[in-house]
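Colleague: Build me a structure from this.
(one chain, ligands or ions: 2)
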Amino acid sequence: MKTGIATVSISGNLEEKIEAIAAAGFTGIEIFEQDFIADIRSPRAVGQRIRDAGLEVMLFQPFRDFEGLPDGLRAKAFDRAERKFDVMQELGCDLVLVCSSVHPQALGGIDRAAADFAELGVRAAARGLRVGYEALAWGRHVNDHRDAWEIVRRADHPSVGLILDSFHTLGRGIDPDTIRRIPGDRIFFVQLADAPAIEMDPLYWSRHFRNMPGEGDLAVTDFMRAVMATGYDGPISLEIFNDQFRGGSPGTIAQDGHRSLIALMDEVRRAEPASSAGIPALPAPIEVRDTAFVEFAAQGSDLIALEQLLESMGFRRAGRHVSKQVTLWQQGDIRFVLNAETGGHAGTAWNARGTTVCDIGLSVGSAPDTVARATALGARPFSQPLGPGELPIPAIRGLGGSVMHFIDDGTLSEVWDVEFRPEDGSTPGAGLTRIDHVAQTMTYDEMLSWSLFYTTLFDMQKAPMVDVVDPDGLVRSRAIASPTGKFRITLNGAETHRTLAGAFLAEGFGGTVQHVALATDDIFATAAALAKTGFAPLDLSPNYFDDLAARFDLEPDMLAQMRAANILYDADGTGEFFQLYSRPFAGQMFLEIVERRGAYAGYGAPNAPFRIAAQKRFQRVKGMPAT
Ligand SMILES: O=C(O)c1ccc(O)c(O)c1
Ligand SMILES: [Mg+2]
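Modeller: Ligands and ions are numbered 1, 2, ... in the order given. I've put the predicted structure just below:
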């Protein structure tokens, strides 16, 4: 299966785009005319440069306002086409995309358009070129791939075919299964894009909000399944107009694009096995059973403070590493690893960021399969020299320089007994059972990339985006979770350094984990236990509890307990949610305790403004930077 991407999808000048596209592993490139015109080199030199980079020049686009014009304008349109054909021959590109006309004088008429394309086909064929016709969602007379196909069918010329673009079909709500009735050999090219479901004018939506397959809400997989069912075996190519991508890192955007195509084709192969020959096999999206551990790189006074925080929350030091400055802290199925090594990955992370989460461990069915899928999707495997007594646990580089380890049922599950000498200390604990979710903070621009990383590698679903109101700015938040809800990640995208999330980013060195939420089955029993272990909760405003009393029908006794213990509350019709926060540690990190009742699957977003205000109050009192 050949993969491509349009130059318009990536930031930078044409040279930077070519380099990024080649490095990401695409077969070829769609030249968006603007990018070519802006370049100083001749078409021949540009074509050569692209081929030297190992890429095919798959498509030249767009040629606009061609079909259905009245006589005087019609002749001029053919002259314009001939000039473009000249350029294509120099570039070494044999296929041009003609998008449906938006010309105010275009007359319409299926047969008129078909006659125009029949003649264009003759002219293209004379030069060994081909013409593909695409229905723009906002075309003046043709805005539906079914009409474009009828024109191509009636043009009846072997050098004239159809170009499909998932955005134009799905964005207009056209059933993608209508593609199944088009012969695959008459489809010359397929463009793919996703987009978030927002109500807006289709042209504006298309030019600014497209994103990679899987990053938005359109049924791109259904579209691609229908395309494959036709027998189409040409390139699949990304055409993404997106404001953030235009200003992003060319390398990252190109890699994300390639990742999204591989994940999409893998999904198509599974759903449409009879018609997806030629798509390479990779392990299925990985089911994460649990977050097995969270590892902090921590040294000095931060390390001591973190140990004290964990003790105050009922954790016990369960083991010391056999050969390293590493301790294991445990309660229920929660494991925190505190790594004070000055070398290796943890040492590097500490040097770059100070105290930080440097590693996350996940329980999976097969650790080797997980690494195999991750690498097929373009992630890098991670390893470092093993110390005495250490097990080789499969790992990859995660996001923002972090590492992710995978533990499965084999010998790896014995890592805690093999690598750690048990310690005696025991505490009654505080009823904390498991890791509910891990919350990561990144810039808003990085959010799509991070969610794509998780949703392509693991079997996870995205929840809708929510706004988190910080007193000093808005933070966009999106949760992704495994179908069982056992593995949950929240992604928080900050746009300004003045928010709590933004200040965390500015102080550290890019995106990473800002907090970890721990589950309890009984938050009131946990709060009572924590009162004895010396836990200092984040103090909330009395106004918050007065408002709760007004909004919810809560037992006065329970409300009094919540007020006394600083427990937040939310309910969404399916269940209830209770939250209790630690005070910040090591700068802007914190821990959270949650209890879910019923089918509540959210994260208490309505409480975020009050929790954030309380965190900021606490930092101002402590004389920390008043962010
Ligand atoms: O927005 C446009 O004009 C435009 C141009 C070419 C395309 O292939 C397309 O899908 C949209
Ligand atoms: Mg298109």
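Colleague: Just to be sure, Met200 is in a strand?
Modeller: No. Under DSSP: H, G, I helix; E, B strand; the rest coil, Met200 falls outside any strand and is assigned coil.
Colleague: Now for the closest residue in space to it that isn't next to it in sequence: which residues touch it?
Modeller: Setting aside the residues directly before and after it, Met200 is nearest to Phe209 in space (CB to CB, 6 or more residues apart in numbering), at 7.8 Å. Glycine gets a C-beta too; all of them are placed from N, C-alpha and C. Taking CB atoms under 8 Å, 6 or more residues apart in numbering, we find Phe209 in contact with Ala195, Pro196, Ile198, Met200, Asn242, Asp243.
Colleague: Buried members of those into ChimeraX, please.
Modeller: A single ChimeraX command is used to select the members of those judged buried by 16 or more other CB atoms under 10 Å:
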select :195,242
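Colleague: hmm, which two among the contacts of Phe209 are most spread apart?
Modeller: Spatial extent of the contacts of Phe209 (CB to CB) is set by the pair Met200 and Asn242 at 14.3 Å.
Colleague: Check the burial of Leu377 by counting its neighbours.
Modeller: By other CB atoms under 10 Å, 21 other residues sit near Leu377.
Colleague: What pLDDT is listed against the residue nearest to Met200?
Modeller: What the model reports for Phe209 is a pLDDT of 97.
Colleague: How about the secondary structure of the residue of the stretch 351-500 of the chain found nearest ligand 2?
Modeller: Nearest to ligand 2, among the residues of the stretch 351-500 of the chain, is Leu448, at 19.8 Å (CB to the ion). Using three-state DSSP, the structure places Leu448 in helix.
Colleague: what's the nearest residue to Val96 if we skip its chain neighbours?
Modeller: Phe60 (5.0 Å).
Colleague: How about Leu554?
Modeller: Nearest to Leu554 is Leu548, by CB to CB, 6+ apart, at 6.4 Å.
Colleague: Point me to the helix or strand that includes that neighbour.
Modeller: Per DSSP states H and E: Leu548 is located in helix 542-551.
Colleague: okay, the angle between the next helix or strand after that helix and helix 542-551?
Modeller: Following helix 542-551 in sequence order, the next helix or strand is helix 556-565 (DSSP H and E). Interaxial angle of helix 556-565 relative to helix 542-551 (axes from the mean of the first three to the mean of the last three CA atoms, to 10 degrees): 160 degrees.
Colleague: Run the chain-centre distance for helix 556-565.
Modeller: Its chain's C-alpha centre and that of helix 556-565 lie 39 Å apart, by CA atoms, centre = their mean, to the nearest Å.
Colleague: other SSEs contacting that helix?
Modeller: helix 523-533, helix 542-551 (3 or more CB pairs under 8 Å, 6 or more residues apart in numbering; DSSP states H and E).
Colleague: Let me know the secondary structure of the closest residue in space to Val475 that isn't next to it in sequence.
Modeller: Spatial nearest neighbour of Val475, excluding adjacent residues (CB to CB, 6+ apart): Val468 at 4.3 Å. Look at Val468: counting by three-state DSSP, its state is strand.
Colleague: Can you mark which positions in stretch 76-84 are buried?
Modeller: For stretch 76-84, the neighbour count (16+ other CB under 10 Å) marks Ala77, Ala81, Lys84 as buried.
Colleague: how close does the last one get to Leu120?
Modeller: Put plainly, it is Lys84. 11 Å (CB to CB, to the nearest Å).
Colleague: Quick check: closest non-adjacent residue to the residue of the chain found nearest ligand 1.
Modeller: Ligand 1 sits closest to Pro62 of the chain, with a gap of 3.8 Å, by CB to the nearest ligand atom. Using CB to CB, 6+ apart and skipping residues adjacent in sequence, the residue nearest Pro62 is Cys99, 4.7 Å away.
Colleague: What of Asp144?
Modeller: Leaving aside its chain neighbours, Asp144 sits nearest to Ala135 (5.6 Å; criterion: CB to CB, 6+ apart).
Colleague: Contacts only, for the one you found.
Modeller: Going by CB under 8 Å, 6+ apart, the list of residues near Ala135 reads Cys99, Ser100, Val142, Asn143, Asp144, His145, Asp147, Ala148, His168.
Colleague: Doesn't the residue nearest to Val96 lie inside a strand?
Modeller: Yes. Counting by three-state DSSP, Phe60 is part of a strand.
Colleague: ok, it - how many residues close by?
Modeller: For Phe60, using other CB under 10 Å, the count is 23.
Colleague: hmm, back to that, I figured the residue nearest to Pro62 was touching Phe63, is that so?
Modeller: Yes. Counting by CB atoms under 8 Å, Cys99 does reach Phe63; the two are 7.4 Å apart.
Colleague: rewinding a little: run a quick neighbour tally on the residue of the chain closest to ligand 1.
Modeller: Count around Pro62 with other CB under 10 Å applied: 21.
Colleague: State the distance from it to Gly401.
Modeller: Pro62 is 39 Å from Gly401, by CB to CB.
Colleague: Please apply the same query to Glu67.
Modeller: When Glu67 is compared with Gly401 (using CB to CB), they lie 52 Å apart.
Colleague: same thing with Glu592?
Modeller: 24 Å.
Colleague: Looking at those two, which one has more neighbours?
Modeller: Glu592 (21 against 17).
Colleague: The helix or strand hosting Ala439: which residues count as buried?
Modeller: For Ala439, the enclosing helix or strand under DSSP H and E is strand 432-443. Residues of strand 432-443 classed as buried: Leu432, Thr433, Ile435, Asp436, His437, Val438, Ala439, Gln440, Thr441, Met442, Thr443 (neighbour count, 16+ other CB under 10 Å).
Colleague: burial of Ala271, as a residue count?
Modeller: 14.
Colleague: Now do the buried residues in the helix holding Leu548.
Modeller: Tyr544, Phe545, Leu548.
Colleague: Who are the packing partners of it?
Modeller: Counting by 3+ CB pairs under 8 Å, 6+ apart, helix 542-551 packs on helix 556-565.
Colleague: what angle sits between the helix it packs on and helix 523-533?
Modeller: Angle of helix 556-565 versus helix 523-533, following the same axes, to 10 degrees, is 40 degrees.
Colleague: roughly how far apart are the residue nearest to Met200 and Asp222?
Modeller: Counting by CB to CB, the gap from Phe209 to Asp222 is 20 Å.
Colleague: Does Thr7 touch Asp35 like I think?
Modeller: Yes. Using CB under 8 Å, Thr7 is in contact with Asp35, at 4.2 Å.
Colleague: Flag the shaky bits of the stretch 351-500 of the chain, pLDDT-wise.
Modeller: Within the stretch 351-500 of the chain, the set of residues satisfying pLDDT under 70 comprises 425.
Colleague: ok, which residues in it are in contact with ligand 2?
Modeller: Near ligand 2, no residue belonging to the stretch 351-500 of the chain is found when assessed by CB under 5 Å from the ion.
Colleague: wait, what's in contact with the residue nearest to Leu362 when sequence neighbours are not counted?
Modeller: Closest residue to Leu362 apart from its sequence neighbours, by CB to CB, 6+ apart: Val288 at 5.0 Å. The contact partners of Val288, by CB under 8 Å, 6+ apart, come to Leu362, Ser363, Val364, Phe458, Asp459, Met460, Ser482, Lys486, Phe487.
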